[in-house]
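In: show me how the following folds:
(chains A, B, C and D)
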Number of protein chains: 2
Amino acid sequence: MLKQRNADQSRHELLEAASKEIHQFGFHAASISRILENTSLTRGALYHHFPSKLELGYAVIDELFGGYLRQLWLEPLLKIGDPIEIIENSLNDTYAIHGQELISYGCPLNNLSQEMSAIDEGFRERINAQYEKWQDALSLALQGGQETGTVRKDINAAEVAIFIVASIEGCIGLAKNNKSQATLDSCTRILLDYLYGLRVVPQAGRS
Amino acid sequence: MLKQRNADQSRHELLEAASKEIHQFGFHAASISRILENTSLTRGALYHHFPSKLELGYAVIDELFGGYLRQLWLEPLLKIGDPIEIIENSLNDTYAIHGQELISYGCPLNNLSQEMSAIDEGFRERINAQYEKWQDALSLALQGGQETGTVRKDINAAEVAIFIVASIEGCIGLAKNNKSQATLDSCTRILLDYLYGLRVVPQAGRS
DNA sequence: TAACAAACATACTGTTCGGTATGTTAAAAC
DNA sequence: GTTTTAACATACCGAACAGTATGTTTGTTA
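Out: Numbers count the residues shown, from 1 in each chain, chains lettered A, B, ... in the order given. Sure, this is the predicted structure:
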């Protein structure tokens, strides 16, 4: 009676604990024993649900990190509206929800990317898949803005999308390394200035 | 006769091997044994020159990574001239000299930052010191450009400097994760567009 | 309700790793 | 030229770690 079993819930509990551990310590420094300490489960359960630490890490990327991305960026970017405004809102939402974690531990995706993508092809492919979803969503939204007339038509949406992702990750990375909200704010302010510059300039003297 | 001793050279040989190992595998995955295999020296030598793996990593940042930064960015930025042009040249030089390594293994500073700065204060401080040198040099150069009239005066040089560093690191990070020269080129192209936008706009109709 | 399989728990193993203890050799100091 | 010390070399150690073998319990199915 004390212990009822639920495989899905157990799996999710393991994933959540692994996600936090990996986000805080990175993949190599993440300890299976410590993950289990933050869980009501044991070693047997973990290796019942995941064949290895590597596969556990893969699942964290696909299911959890991918979920954050979808909720905070992909879905908003699918809505109709000014893409620049949507991006600004997603940035604000991201910082509002995860700001403190981002400054303390960085972006989970970027952390793993820099640590793992050069030494494990599985990590690289999965992280890259998330980045490409992000870039594609941004690119499509910007193209939409170009068609509806809110975004300048002389920019390459796909390349700008890459740059936006790069800048966001760069800003968060610097802020983490400086443990500084001010760094994040400054960097984001300039990024927003850049984004505003992507808008169509109002035609002076016409109307 | 076969083996003559030179402490400085031995130390440098260890640092170089450690630098490559850490750049490729990250700090945690870097193996002392493997470092020594790429050296004519042995375990005793390494622990004679460095008290621990941690201190070895610190020295790599301070002496080697810091040296790359000084040579490629700090010194050029001290010269007189259009700062935007200097930045563009430094970017080109960086890619020309280290392009393939950057795409394969990423930026050594950013790699370590994302992997280590959240879990080791010593790493964070040393990496941050390098970033601040970089940002300060950019900021000062931009301010110089503002005074000599090549850079817009309505921008905050310090904040733009942060953004530039963030964008560069972001571009390299994405390129590494995508194993793609094209990604690096696209991202850099947009960054350059942004930099060109920092120049004073020529006064139309006057002269 | 018996049989079976999924969902765990527990105890253990093999390996890798950073670090150390100790021995040895070359170079400098006197 | 003897002494001393810096500069290594070699062999080894304890700990931490991912992973496994095996046992046990719960739920399901026939």
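
In: any idea how far the residue sitting nearest the centre point of chain A lies from A:I168?
Out: Geometric centre of chain A, nearest residue: A:L69, 4.9 Å, by Cα atoms, centre = their mean. Using Cβ to Cβ, to the nearest Å, A:L69 is found at 12 Å from A:I168. Just so you know, the C-beta spots here come from the backbone N, C-alpha and C atoms, and that holds for glycine as well.

In: check A:L14 too.
Out: Going from A:L14 to A:I168 by Cβ to Cβ gives 29 Å.

In: next one: A:L102
Out: 10 Å.

In: looking at the two, which is more packed in?
Out: Legend: neighbour count by other Cβ atoms under 10 Å in any protein chain shown for A:L102 and A:I168, higher for A:I168 (25 against 21).

In: ok, and for whatever helix or strand A:A129 lives in, which residues are buried?
Out: Taking DSSP states H and E as the criterion, A:A129 maps to helix A:121-148. Neighbour-count burial for helix A:121-148, counted by 16 or more other Cβ atoms under 10 Å in any protein chain shown, picks out A:123-124, A:126-128, A:130-132, A:134-135, A:137-146.

In: got it, and stretch A:73-80?
Out: For stretch A:73-80, by 16+ other Cβ under 10 Å, it's A:73-74, A:76-77.

In: quickly find the element holding the closest residue to DNA strand C within chain A.
Out: In chain A, the residue that lies nearest DNA strand C is A:G44 (1.8 Å; Cβ to the nearest atom of the strand). Per DSSP H and E: A:G44 is located in helix A:43-49.

In: ok, now which ones touch the residue of chain A closest to DNA strand C?
Out: Neighbouring residues of A:G44 by Cβ atoms under 8 Å, 6 or more residues apart in numbering or on different chains: there are none.

In: beyond the helix holding A:G44, next helix or strand please.
Out: Per DSSP H and E, the helix or strand that comes after helix A:43-49 is helix A:53-59.

In: packing partners for that following helix?
Out: Identification of packing neighbours for helix A:53-59 by 3 or more Cβ pairs under 8 Å, 6 or more residues apart in numbering or on different chains; DSSP states H and E yields helix A:7-29, helix A:121-148.

In: residues making contact with the first one?
Out: When contacts are taken as Cβ under 8 Å, 6+ apart, the neighbours of helix A:7-29 outside the stretch itself are A:30-31, A:34-36, A:38-41, A:45-46, A:49-50, A:56-57, A:59-60, A:63-65, A:101, A:105, A:108, A:111-112, A:115-116, A:123, B:26, B:28-29, B:115-116, B:118-119.

In: pLDDT on stretch A:59-77, on average?
Out: Throughout stretch A:59-77, pLDDT has a mean value of 97.

In: only C-alpha atoms, please: export it in CSV.
Out: Taking C-alpha atoms only, stretch A:59-77 is exported to CSV below (Å, rounded to 0.1, in the frame of the first residue of the first chain):
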residue,chain,number,x,y,z
ALA,A,59,16.2,11.1,-23.4
VAL,A,60,16.7,14.2,-21.3
ILE,A,61,17.5,16.2,-24.4
ASP,A,62,14.7,14.8,-26.5
GLU,A,63,11.9,14.8,-24.0
LEU,A,64,12.6,17.5,-21.4
PHE,A,65,14.9,20.1,-23.1
GLY,A,66,12.9,19.7,-26.3
GLY,A,67,9.7,20.3,-24.3
TYR,A,68,11.0,23.6,-22.9
LEU,A,69,11.9,24.7,-26.3
ARG,A,70,8.6,23.8,-27.8
GLN,A,71,6.6,25.5,-25.1
LEU,A,72,8.7,28.7,-24.9
TRP,A,73,9.6,29.2,-28.5
LEU,A,74,8.2,26.8,-31.2
GLU,A,75,4.5,27.2,-30.3
PRO,A,76,4.6,31.0,-29.8
LEU,A,77,6.4,31.4,-33.1
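
In: does DNA strand D sit close to that stretch?
Out: No: remark: stretch A:59-77 sits outside contact range of DNA strand D, by Cβ under 7 Å from any atom of the strand, the gap being at least 12.6 Å.

In: check the burial of A:T183 by counting its neighbours.
Out: Neighbours of A:T183 (other Cβ under 10 Å): 24.

In: quick check: which element contains it?
Out: A:T183 belongs to helix A:181-196 when assigned by DSSP H and E.

In: list the buried residues of that helix.
Out: A:183-184, A:186-191, A:193-195.

In: want to throw those into TSV with pLDDT and distance to chain B?
Out: Below are the buried residues of helix A:181-196 laid out as TSV (pLDDT from 0 to 100; distance: Cβ to the nearest Cβ, whole Å):
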residue	pLDDT	distance to chain B
A:T183	97	6
A:L184	97	10
A:S186	97	4
A:C187	98	5
A:T188	97	9
A:R189	97	6
A:I190	98	4
A:L191	98	6
A:D193	97	8
A:Y194	97	6
A:L195	98	11
